[in-house]
Every structure is written in C-alpha cells, then in structure tokens.
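Q: Pasting a predicted model and its sequence here:
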Amino acid sequence: MRLLPLLPAVLLAASGLAACGGDDDGSGAGAGGTGGTTLVVFAAASLTDSFGQLEQDFEASHEGVDVQLQLGGSSDLVTQVQNGADADVLATADEANMDKLSADELGAEPQVFATNTLEIATQPGNPDGIAGLADVAEGSDVDLVTCAPEVPCGAAAQGVAEAAGVALDPVSEEQSVTDVLGKVTSGQADAGLVYRTDVIAAGDEVTGVEVPEAADVVNRYPIAPLASSDQAELAAEFVALVLSDEGQQVLADAGFGAP
Amino acid sequence: MSTRPVGLPRWVVVPAALGAVFVLLPLVAVVAQVDWSSFGALITSESSRAALALSLRTSAASTAACVVVGVPMALVLARTRFPGQGVLRSLVLLPLVLPPVVGGLALLYTFGRRGLVGETFPVLGEEIAFSTLAVVMAQTFVALPFLVVSLEGALRTAGERYEVVAASLGARPTTVLLRVTLPLALPGLLSGAVLAFARSLGEFGATITFAGSREGVTRTLPLEIYLQRETDPDAAIALALVLVVVAVLVIGLAGQRRAA
C-alpha cells in the first residue's frame, strides 16, 4: 500500500528516455484522407531541404499524389522499416544503414544518388582563424564538437582525422550532425565537424572551412524503393526523379556532390 | 468503533488491470528482447560502467539540489499567500509540460556561453559548457517540479493545526518548521525526492541539448543507450534494463525506509 505513491517514479525513469524520441516516431504513414494516393518517403534528416523541394516537384507532375516525407536519422528509419513501417521509398545518409536491409525488403537494388563530405563549421567570420584540422586537433584551445563514432558523421570524422594524421579531442561527441551544428550556432562550441550541406544550410550562422583530407572520406547516399510498397510504380518514379538531371540539380544546390 | 471498509465497485478492476497491462507489457517486451548470453559483457563494458556511474552521481547531486531549493519553494507555495501566486505556481511547474529538448535550449539561452547569464559572466559560461555541472543543471531543471508538487500536496494535506499549536506554545517559526512542519511532511518529501531522482535518472533531451555527450563527463546512461542503439541494439536493450532495475531498486529502498 505504502509503495503505491512511488510507483509513478519507476515509470518516469523509463519514460524520460522514451519521450526524447517522441518527435520523430514513425506516424507519417497514415493515409492522406483526401482520397488521393499517398507516397511515403523515408529520408535522412540531412535531405530535409532538398527532398522537400523534390516532394513539391513530384506532386506538381503527379496530380492526386501526396508525397509524405518522414525525416530522421538513417538508423532510426531503417529500424522503422524493419519493424514494418508503411514506407514506399528509403533514402539513407550512408550505405552501412541501407545494407542492414535484406534483398527481399528492398524493391530494387539501392542506387547512390549523392555524396557529402565533412567541413569545419566555425563561428561566423572564423574568429579563431581556423585553417584546417590541425587547428582544431588535440592540444589546441579550440572547443571542438564532433559526432560520436557510432553514427555515420562521427565515423567520417574519425576517418578524416586519420587521413590528416591528427588526433581529435572533442569536448562532446554528439548523437547527430544537427546536434553538432546546434552547439556551434549557439556559440557553446568554437567549431564542429559537419557536412558541407549543413554549412550551406546554416547560412550566416557559421563559416565553413574546407578540409582537403575530407575528400578521402566521402559519404555516399543510397536510395531504393521498398518491397513492402503497394505502389511500386510511383516509388520507382520518385527514385527516377532523384536520379534525374532535375533532381541532381536540386541536390547540387544544397551542397551535395555528384554520386 | 470498527467499521467495515467500503469496498470498491468491482468494475473498477477492469480499467485498472488494463492500465497495468498497458504499462507492464512494454517492460516485459524489453526483458524478452534481452540477449542474456551477452548481457553481462554488454553491461560491464567500460563505456556502460562510466555511463551508469555518471548517471548515479549526477542524479544524486540533482536530487540534493532539488531538495535544497525545492523544499523552500513548496513551503512558500503551500504556506503563504501573495498576489500572483497561482501564476507563479504554474510557471514553476512548466518544466513538467515542456519538451525536455526545449528545456535544454532554454538552459542554453540562459547559461550558455552566449546566453543571458553566460555572456554576462563569461567565466561561468566557460565553466558550465560541456561539464558534468551542466548535466546536473539539466536534471535539476526537469526534476524540480516533481519534488515541489509532491511536497506542496503533502504540506496542504498535513494542514496547519499542529503548527498553530506549537506557535501558541511559544515555538519560534524556525523551530515550528524543523520540529513540526517538515516531520509531518516527511513522507511527501521522500516520495518527492524519489520522483526527482527517477526523473533525473531518465533525463535525456535537456542533457544532450545543453550539456553534450562525452564519456565519463556528460554521457549519462540514457545518452549511452540512445547512442548504442545506432550500432548495437542488444547493448541498448541491456542498458535500458539496467536503468529500469536501478530505478526500481532506489524506489524500493526508499519505500522500505519510509515504511520502517
């Protein structure tokens, strides 16, 4: 009896964790309700702007089709697909995550449609005079933030550091590239290793410094229609749009490299 | 004098059981997912132990901070009347409804290097950035309302009768507070502290937004779980179970002591 008032505490400890992922849970698969067709596209968070543009282009050329973008971390998206999420197309930020899906979960062989490389995002105007990786490496006064090695952008950061022959000592290893950028734009950190596309999307809030060694560690973005889709034709058309000249231009404008 | 207890209508049991199943079934599902053959290795890895130790340390510190400022807050809310008190109470409870990530952003805009306080006192801003202190601050921010609500309710239920008697017998306000008010509200304080500890233990959003994530410094157990999930879902599940067990143990111990 006396323990009863304490029971909520057990649940709280467990729920605080669950609550954090609340804004990216897979609920985007609902039907549009307009009577038209809905095409659900799962895409890596770094594709937010460019796929938003392609969504509009696709809807303009396919009357009655509502494209619903479900954006999130690549591993989250793949987990959702593996657990039966109702998605038609999947685009991830790296090949490792796409490779987690078996051949019979995919509607077709994944195709690389874009590449992305790391840059150093510094405070606007680069007040610390950062010229390259050596200026943010271990022993420098710069508070550097990177992704954790467990996530694709962190693995890339490690690869770039190795290629440059320097050791990094970040003050924080973040969960996602968005978190890294957030620490730089808020001024908490002096610099962060993020993708070129993030630097462009951040506009005036950061200044990008190119890292020559980053060319050795290229992140390749694959896209594939999913086997569970009951609109294989539309899914294939969306993939075709992404790979078309029009789609490639949208991606190039966002800072992505060609496949 | 003995009275027959008023029995509950039987139908109440049905929704109560449904609610219990709704809450317990996911826990059962977690336990069912655990890969027991590698469980030991997964939870004793260096990063897991560092995360657990950090979580226990920071949660204890934030619970202490909650008690130090939360008890006076609950006293002021329960025992005084002033204009705007209702509004103030709502504001104090705000972290309960605020998404933790927003709480983290709010802390960043306040104590960050470019925040309200952090910019005025750069030394403070530098000191807090990416430190364990930032973790404790984030946890205290989200956990404080639990202690305040819990204790304020206990204070109101206890009433002021004994305090009035003590005062009329010549006890000074401080004596009344320490000898009468707080002992009477102790169960409420204890459950409030346990709630605050549990909330701190599970804290994720505000921590990752405000404090960052570095092994042994700011990467608490929930952050470690979320990170492990990227590459090793088995490890994430194993650690999640550890988190639940720790929470149950703490709550069980506190309940025992209270019953004693």
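A: Yep, that arrived. Residues are numbered from 1 along each chain as shown, chains lettered A, B, ... in the order given.
Q: What's the local residue count around residue 133?
A: Answering for chain A, as no chain was given. Residue A:133 has 25 neighbouring residues, counting by other CB atoms under 10 Å in any protein chain shown. C-betas here are computed from N, CA, C, even on glycine.
Q: Chain B is the one I meant
A: 17.
Q: ditto for the one 5 residues further on
A: Per other CB under 10 Å, the neighbour tally for residue B:138 reads 30.
Q: Contact partners for residue A:195?
A: Residue A:195 is in contact with A:46, A:116, A:117, A:118, A:119, A:153, A:177, A:219, A:255, counting by CB atoms under 8 Å, 6 or more residues apart in numbering or on different chains.
Q: no wait, residue A:151
A: Shown here is residue A:151, whose contacts under the criterion CB under 8 Å, 6+ apart are A:73, A:75, A:175, A:176, B:227, B:230.
Q: In those, which residue is surrounded by the most others?
A: residue B:227 (27 neighbours).
Q: what's the model's confidence in the helix or strand hosting that one, averaged?
A: With elements taken from DSSP states H and E, the one containing residue B:227 is helix B:221-231. Mean pLDDT, helix B:221-231: 90.
Q: Could you pull out the buried residues of that helix?
A: By 16 or more other CB atoms under 10 Å in any protein chain shown, the buried positions in helix B:221-231 come out as B:221, B:222, B:223, B:224, B:225, B:226, B:227, B:228, B:229, B:230.
Q: Over to stretch B:57-72?
A: For stretch B:57-72, a neighbour-count test (16+ other CB under 10 Å) marks B:58, B:59, B:61, B:62, B:63, B:65, B:66, B:67, B:70, B:71 as buried.
Q: Convert the C-alpha atoms of it to CSV, please.
A: C-alpha atoms of stretch B:57-72 as CSV (Å, rounded to 0.1, in the frame of the first residue of the first chain):
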residue,chain,number,x,y,z
ARG,B,57,26.4,10.6,-9.4
THR,B,58,24.5,13.3,-11.3
SER,B,59,21.1,12.1,-10.3
ALA,B,60,22.1,12.1,-6.6
ALA,B,61,23.5,15.6,-7.0
SER,B,62,20.4,16.9,-8.8
THR,B,63,18.1,15.3,-6.2
ALA,B,64,20.1,17.1,-3.5
ALA,B,65,19.8,20.4,-5.4
CYS,B,66,16.1,19.8,-5.8
VAL,B,67,15.7,19.3,-2.0
VAL,B,68,17.7,22.4,-1.2
VAL,B,69,15.7,24.7,-3.3
GLY,B,70,12.5,22.7,-3.8
VAL,B,71,11.6,22.4,-0.1
PRO,B,72,11.6,26.2,0.5
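Q: quick one: the helices in chain A?
A: Secondary structure of chain A by DSSP state H: the helices cover A:7-20, A:48-61, A:74-82, A:95-98, A:152-164, A:177-185, A:196-202, A:232-243, A:245-253.
Q: Need the winner for burial among those helices.
A: Per-stretch averages of neighbours, counted by mean count of other CB atoms under 10 Å in any protein chain shown, single out helix A:177-185 among the helices of chain A, with a mean of 24.
Q: That one packs against which elements?
A: strand A:118-122, strand A:144-147, strand A:172-174, strand A:191-195, helix A:196-202, helix B:205-210 (3 or more CB pairs under 8 Å, 6 or more residues apart in numbering or on different chains; DSSP states H and E).
Q: any weak-confidence spans in chain A?
A: A:1-35 (pLDDT under 70).
Q: got the domain boundaries for it?
A: A:36-115+A:221-253, A:118-216 (automatic domain parsing).
Q: coming back round to it: and of the contacts of residue A:195, the nearest to residue A:159?
A: residue A:118 (8.8 Å; CB to CB).
Q: Run a quick neighbour tally on the residue lying closest to that closest one once chain neighbours are set aside.
A: Nearest residue to residue A:118, sequence neighbours excluded (CB to CB, 6 or more residues apart in numbering or on different chains): residue A:214, at 4.5 Å. For residue A:214, the neighbour count with other CB under 10 Å is 24.
Q: Now the stretch 1-150 of chain B against chain A: closest residue?
A: Closest contact between the stretch 1-150 of chain B and chain A, by CB to the nearest CB, is at residue B:114 (3.6 Å).
Q: count of residues packed around the closest residue to that residue other than its chain neighbours?
A: Of all residues not flanking residue B:114 in the chain, residue A:187 sits nearest, at 3.6 Å (CB to CB, 6+ apart). Per other CB under 10 Å, the neighbour tally for residue A:187 reads 19.
Q: show me what contacts residue B:238?
A: Residue B:238 is in contact with B:34, B:35, B:38, B:39, B:42, B:43, counting by CB under 8 Å, 6+ apart.
Q: can I have stretch B:235-243 written out in PDB, keeping just the CAs?
A: Extracted as PDB, the C-alpha positions of stretch B:235-243 are listed here (Å, rounded to 0.1, in the frame of the first residue of the first chain):
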ATOM      1  CA  ALA B 235      23.600  -3.300 -25.800                       C
ATOM      2  CA  ALA B 236      20.900  -0.600 -25.800                       C
ATOM      3  CA  ILE B 237      18.300  -3.000 -24.600                       C
ATOM      4  CA  ALA B 238      20.600  -4.400 -21.900                       C
ATOM      5  CA  LEU B 239      21.400  -1.000 -20.600                       C
ATOM      6  CA  ALA B 240      17.800   0.000 -20.700                       C
ATOM      7  CA  LEU B 241      17.100  -2.900 -18.400                       C
ATOM      8  CA  VAL B 242      19.800  -1.800 -16.100                       C
ATOM      9  CA  LEU B 243      18.200   1.700 -15.900                       C
END
